[in-house]
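S.K.: Sequence first, predicted coordinates after that:
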Amino acid sequence: MARYELVKRSVALITLTNPPVNALSSPVRHAIAKSMERALSDPKVTAVVICGENGRFCGGADIREFAGPLRGPPLIPVLDAIEAGRKPVVAAIEGVALGGGFELALVCHYRIAHSKARLGLPEVTLGILPAAGGSQRLPRLIGIPAALELITTGRHISAQEALKLGIVDQVTDQNACEMAVEFALKSVGKPLSSRRVSMLTTPCPPDLDALLEAATMQVKKKARGVMAPLACIQAVRAAATMPFSKGMKRESELMTTLFNSGQAQAFQYCFFAQRTAGKWTLPSGAQWNNSKPREIRSAAVIGLGTMGRGIVVSLARVGISVIAVESEKKLLENGRQMVIGMLERDAKRRGVSASLNLLNFTLSLQDLKDVDLVIEAVFEDMALKKRVFQELSKVCRPTTLLCTNTSGLDVDALAGVTNRPHLVAGMHFFSPAHVMKLLEVVCGPRSSSETIATAMSLGKKMGKVSVAVGNCPGFVGNRMLKPYLDQATFLLEEGATPEQIDKALEDFGFAMGVFRMSDLAGLDVGWRVRKESGLTGPDVDSKNPPRRRQGHRYCPIPDMVCEQGRFGQKTGRGWYMYDKPGDTNAKPDPLIQNLLETYRSRYGIQPRNISDQEIIERCLFVLANEGFRILEDGMAARPEDIDVIYLFGYAFPRHRGGPMFYVSMVGLERVLERLEYYHQAHPDVPHLEPSALLKKLVACGSPPVQKWREYIKTMHSHL
Ligand SMILES: CCCCCCCC(=O)CC(=O)SCCNC(=O)CCNC(=O)[C@H](O)C(C)(C)COP(=O)(O)OP(=O)(O)OC[C@H]1O[C@@H](n2cnc3c(N)ncnc32)[C@H](O)[C@@H]1OP(=O)(O)O
Ligand SMILES: NC(=O)C1=CN([C@@H]2O[C@H](COP(=O)(O)OP(=O)(O)OC[C@H]3O[C@@H](n4cnc5c(N)ncnc54)[C@H](O)[C@@H]3O)[C@@H](O)[C@H]2O)C=CC1
């Protein structure tokens, strides 16, 4: 787990050998401790270099070990021994030095980094803090403001920035390890006391309290209810106000609190869930590691509306040439201006030049003869989409992949009108498509493994988190959203207000409650869908029986809001009122209060006090209940995929781990019991009826979420 060799006759070279990221697992910590002992006790050795195999210094603690009790030597004494040693130790940083890996570098007396290396303390993103001395050493090395920013955000920095901040001593374009050996030889005999970071005094700014207060306000605003950034600030305060040994004690206490909070488990679950989601499988046995994606050099996007523009930007900025198609000259010109503006702003932000030369705009599908892949993003209208796919089928070469960005229509029905159903799949982006990280890759029953591999790999290339899902109405994300939104409006009928429901969800951790979010997205979108599916509109008999449509409870309040021309932020009125159209500051609107009161009295509904607990349970348990049904139906391969979809597509709070992880933490038995209770109270809401899988899991002793797959295995899978 670490190789020891003597180089240049007097330098002990310790190479961490724990692929893929040289994480500090128990055997690695053990090997470092033993190697250091050997180097310090060998009189031939005058200096030490620590590096990592395969061009990666160290990715930090082995996160998998956090799930169990500590085994092997604890990290802190191993690090302390390096710093205290009487021979100079140089860290040769290539690839990454993250978390415990960065802390390992901080105890070395010198740090040499390769110009492409990235450094950081990402612990906060795992719900913890740098607890192997990082929160105490970094402020001593670079001062409070810079350390505070790095520790509370977990941001990775470049070697150049690390040099500027004084974290590394030298940056090289050459082999960092060889440079470090030369550097180590030159350091022999030089005094080490000023190189021991723990011995430095933290440079303390005069306005320390104000600085920490401002940081506290900032993190509270950015990450509602998340404990780790606040603990990071307290640890940095300790570095500023306490001697090193006391600061270490404080760091350790804060770490223990975070570890026992449940939030750390949720964050760490998210880390692995995100990586698991890329590992797709199809019923044919084809999967991520046995299917080859095609390389996509050119693509076309049809429709330059809200979604199409963002998709064009996502493709062009990773070097794919794009032909963008619209139906009318004016719309094409408008789309062109928008896309160019978006690409230019994006390039400016990233400090690169905009790849405008990759763009072509046309009104004719005939121009798509030679593209490798097409993404259709026209209106959500099956007849229109079928016409487009038939046309594409004729125009594009037979090997071109045809994808649709539909948010819920039958991908296989579209495949069926083409001459290449195996090359058709869904690529469901989220709005705004150039910003949102999620991509649902919809696998139709006839999509080939190469098609899925290509869509997944293209998603990755565009920087998306891609999740393979089955072909059912709404796929995974939107299918689950419907019962969640329904519950929110049922709660309005029963006595709650939009403000109350939003506050409960925001206190839970969502950046925006369901009504504020709907105002942002636009209320007309859902209204159009409801009209098209016959749930509302002039032809629907809304009185007979009232508040029931297509056999189930139906809440017409969202339709009534839309009938008043209130489409959300863009019209300056929605569930809330805004000072002017486009404004984002939502204020409670007395007209909505009136509407709700009139509605309740018309239907003889006695409003009742609804607790925040009921809001959370009804909205989120029903969300997860649909997730269980999706797993039963084989439309998602595992609960982790559902959670990743909700984390990246619907901003589910990360410290709750996603809807499926959240209910597993609440306890499946309790969730089942509450769903049964609510279903009894509202028998006309089928989504409240506990799913068979939830019942099965409870009957099997409520296994942890990572084990659910074993119970789903026997069921029919579309993935
Ligand atoms: C009271 C005292 C207590 C003291 C406690 C001390 C506590 C600490 O010491 C604190 C810590 O370090 S916490 C860990 C901090 N490090 C990180 O957050 C880095 C996590 N990794 C990354 O960012 C990327 O993998 C990275 C940028 C490194 C590489 O990205 P890539 O895209 O190239 O590769 P991935 O697909 O992300 O990863 C490849 C495989 O490696 C697994 N992995 C990565 N980092 C890991 C890590 N740190 N621990 C365990 N497994 C890790 C990853 O899951 C993936 O596995 P497979 O999916 O199975 O291939
Ligand atoms: N808006 C959203 O938040 C999301 C929408 N989607 C899906 O993306 C698709 C597009 O939605 P939006 O961009 O919101 O719609 P949009 O109404 O903003 O844009 C659609 C565009 O397609 C163009 N178009 C229509 N027929 C065309 C044709 N035959 N050839 C070329 N262009 C044509 C229209 O002129 C319009 O500019 C829909 O299937 C929708 O369900 C998916 C995810 C999120």
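M.R.: Received the coordinates, thanks. Ligands and ions are numbered 1, 2, ... in the order given.
S.K.: how close does the residue lying closest to residue 25 once chain neighbours are set aside get to ligand 2?
M.R.: Counting by C-beta to C-beta, 6 or more residues apart in numbering, residue 62 is the residue found nearest to residue 25 once chain neighbours are left out, at 3.9 Å. For every residue, glycine as well, the C-beta is placed using N, CA and C. Remark: distance between residue 62 and ligand 2 (C-beta to the nearest ligand atom, to the nearest Å) = 38 Å.
S.K.: Ramachandran angles for residue 620?
M.R.: Main-chain dihedrals, residue 620, degrees, to the nearest 10: phi -90, psi -30.
S.K.: Then residue 359?
M.R.: With angles defined as degrees, to the nearest 10, residue 359 sits at phi -100, psi 140.
S.K.: residue contacts, residue 480?
M.R.: 474, 623, 626, 627, 630, 642, 646, 659 (C-beta atoms under 8 Å, 6 or more residues apart in numbering).
S.K.: Give me the pLDDT for residue 716.
M.R.: Looking at residue 716, its pLDDT is 71.
S.K.: Where does it sit: helix, strand or coil?
M.R.: The three-state label given to residue 716 by DSSP: H, G, I helix; E, B strand; the rest coil is coil.
S.K.: which bits of this protein sit near ligand 1?
M.R.: Proximity of the chain to ligand 1, by C-beta under 6 Å from any ligand atom, involves residues 20-21, 23, 59-64, 75-76, 96, 98-100, 122-123, 126, 131-132, 252, 255, 272, 275.
S.K.: Cross the residues you listed against helices and list the overlap.
M.R.: Using DSSP state H, 75, 76, 100, 252, 255, 272, 275 are the members of these that sit in helices.
S.K.: If any of the residues you listed are buried, put those into a ChimeraX selection.
M.R.: Filtering these down to the buried ones (16 or more other C-beta atoms under 10 Å) takes a single ChimeraX command:
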select :75,76,100,255
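S.K.: Could you pull up the mean pLDDT of the lengthiest helix in the chain?
M.R.: Secondary structure assigned by DSSP H gives helix 329-350 as the longest helix of the chain. For helix 329-350, mean pLDDT is 96.
S.K.: can you check stretch 74-87 too?
M.R.: For stretch 74-87, the mean per-residue pLDDT is 97.
S.K.: tell me which residues in it are buried?
M.R.: 75, 76, 78, 79, 81, 82, 83, 85, 87.
S.K.: separation between the residue lying closest to residue 502 once chain neighbours are set aside and residue 499?
M.R.: Nearest residue to residue 502, sequence neighbours excluded (C-beta to C-beta, 6+ apart): residue 513, at 2.5 Å. Applying C-beta to C-beta, to the nearest Å, the value for residue 513 to residue 499 is 8 Å.
S.K.: between these two, which one's more packed in?
M.R.: Neighbours were counted for residue 513 and for residue 499 using other C-beta atoms under 10 Å; residue 513 has more, 24 against 19.
S.K.: shouldn't the more buried one be in contact with residue 503?
M.R.: Yes: contact status for residue 513 versus residue 503: in contact at 6.8 Å, counting by C-beta atoms under 8 Å.
S.K.: got the contact list for residue 491?
M.R.: Applying C-beta under 8 Å, 6+ apart, the residues near residue 491 are 501, 610, 614, 615, 618, 619.
S.K.: Repeat the analysis, applying 10 Å as the threshold.
M.R.: 497, 498, 500, 501, 504, 514, 555, 610, 614, 615, 618, 619 (C-beta atoms under 10 Å, 6 or more residues apart in numbering).
S.K.: A strand includes it, no?
M.R.: No: according to three-state DSSP, residue 491 belongs to no strand; its state is helix.
S.K.: Which single residue of the stretch 601-719 of the chain ends up nearest ligand 1?
M.R.: residue 640 (11.5 Å; C-beta to the nearest ligand atom).
S.K.: If we ignore the residues flanking it in sequence, what's nearest the residue nearest in space to the middle of the chain?
M.R.: With distances taken as C-alpha atoms, centre = their mean, the chain has residue 648 as the residue nearest its mean C-alpha position (4.2 Å). Counting by C-beta to C-beta, 6+ apart, residue 438 is the residue found nearest to residue 648 once chain neighbours are left out, at 3.9 Å.
S.K.: and what of residue 644?
M.R.: Excluding its sequence neighbours, the residue lying closest to residue 644 (C-beta to C-beta, 6+ apart) is residue 277, at 4.4 Å.
S.K.: And for residue 19?
M.R.: residue 54 (6.3 Å).
S.K.: what sits against residue 519?
M.R.: For residue 519, counting by C-beta under 10 Å, 6+ apart, the contacting residues are 498, 502, 512, 561, 566-571, 573-578, 584, 586.
S.K.: Wasn't it part of a helix?
M.R.: Yes: assessed with three-state DSSP, residue 519 lies in a helix.
S.K.: Quickly note the distance from it to ligand 1.
M.R.: Taking C-beta to the nearest ligand atom as the measure, residue 519 falls 35 Å from ligand 1.
S.K.: I'd like to know how many residues surround the nearest residue to residue 632 once chain neighbours are set aside.
M.R.: In this structure, residue 632 finds its nearest non-sequential neighbour in residue 693, 4.7 Å apart by C-beta to C-beta, 6+ apart. Applying other C-beta under 10 Å, we find 21 residues neighbouring residue 693.
S.K.: How about residue 319?
M.R.: 10.
S.K.: Number the chain from 14, please
M.R.: All right, first residue 14 from here; so that's residue 332.
S.K.: distance of the residue of the chain found nearest ligand 2 from ligand 1?
M.R.: When scored by C-beta to the nearest ligand atom, the chain has residue 318 as its residue closest to ligand 2, at 1.7 Å. To ligand 1, residue 318 is 33 Å away according to C-beta to the nearest ligand atom.
S.K.: residues near residue 127, how many?
M.R.: By the criterion of other C-beta under 10 Å, residue 127 has 22 neighbours.
S.K.: residues in contact with it?
M.R.: So residue 127 contacts 68, 70, 105-108, 172, 181, 184-190, 192 (C-beta under 10 Å, 6+ apart).
S.K.: Lovely, talk soon.
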